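J.: Can you look at this prediction? I've put the sequence above it.
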Amino acid sequence: MLFEINEDTRKKAKSPHELFMLNLLGFNLLAAPASIALDVGMAGLLIPLVLSLSVVSYIWIRAVRPAQDTPWFVIAHWKLAANRSRILLAGYIISAAIIGLALIVASGSDKAEILIVALTRVAIVPTLLTVMVCFALESSGIFMAGKAELPNDMVKKFPPPADVMVKEDPAANSGDTASK
């Protein structure tokens, strides 16, 4: 759904998506693989994870407890970014489960170190896939904020105040006039 939102508010609404994208790029696509390549062990996976979870926590806090003077449209985009961060968290949980299973399987093996290294690299795949999905979603979030747009289901969950005007959607109207 499109709204009539001023340019300054649109720029502010891009912030949560840009922050989430920096998190994805910096902590997931650069730091985690670099730490694996440097062979620093499990700490190399935990440090980017902790930093990424810190950014996700900040996004959630801003979505739940916005500043009093924050416009509705900006709050809605913080909520949208927080909702989309759940996808990344699901990837983390799946990866953690695989690593946990690898540790259990390797505990009784004489080649435990090789097993753990191999399965840890496999365990990273779900996180990398969810990072790619989040990257695409947040790119669209930046684009939507710039167009003063929100997904319809977000508008249903978090309706606009009376002073926010909905823009006429020409695509929606063209289908209505053709059927009449």
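T.: Okay, I see it.
J.: list the contacts for Ile5?
T.: Ala13, Pro71, Phe73, Ala148, Val164 (Cβ atoms under 8 Å, 6 or more residues apart in numbering). C-beta here means a position set from N, CA and C on the backbone, and glycine is covered the same way.
J.: so which of those residues is the most crowded?
T.: Within these, most neighbours by other Cβ atoms under 10 Å means Ala13, with 29 neighbours.
J.: tell me the phi and psi of that residue?
T.: When read as degrees, to the nearest 10, the backbone of Ala13 gives phi -70, psi -20.
J.: Could you do Phe3 as well?
T.: phi -130, psi 160.
J.: Could you export the contacts of Ile5 to a markdown table, including columns for secondary structure?
T.: Output for the contacts of Ile5, formatted as a markdown table (DSSP: H, G, I helix; E, B strand; the rest coil):
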| residue | secondary structure |
| --- | --- |
| Ala13 | helix |
| Pro71 | coil |
| Phe73 | helix |
| Ala148 | coil |
| Val164 | coil |
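J.: Lowest-confidence one in those?
T.: Lowest pLDDT of the contacts of Ile5: Val164, 85.
J.: how near is that residue to Leu45?
T.: 43 Å (Cβ to Cβ, to the nearest Å).
J.: ok so, going back, can you tell me which of the contacts of Ile5 is nearest Glu113?
T.: Closest approach between these and Glu113, by Cβ to Cβ: Ala13, at 48.2 Å.
J.: Nearest residue to Lys79 in space, please, no chain neighbours.
T.: Ala63 (4.5 Å; Cβ to Cβ, 6 or more residues apart in numbering).
J.: close enough to count as contact, the one you found and Ala82?
T.: Yes. Contact criterion Cβ atoms under 8 Å: Ala63 and Ala82 qualify, at 3.8 Å.
J.: Please identify every residue contacting each of these two.
T.: Common contacts of Ala63 and Ala82 (Cβ under 8 Å, 6+ apart): Pro16.
J.: what's around Asn23, how many residues?
T.: 26.
J.: surely it meets Ser52?
T.: Yes. Asn23 lies in contact with Ser52 (Cβ under 8 Å); the separation is 5.5 Å.
J.: shared neighbours of the two, which are they?
T.: Counting by Cβ under 8 Å, 6+ apart, Asn23 and Ser52 have no common neighbour.
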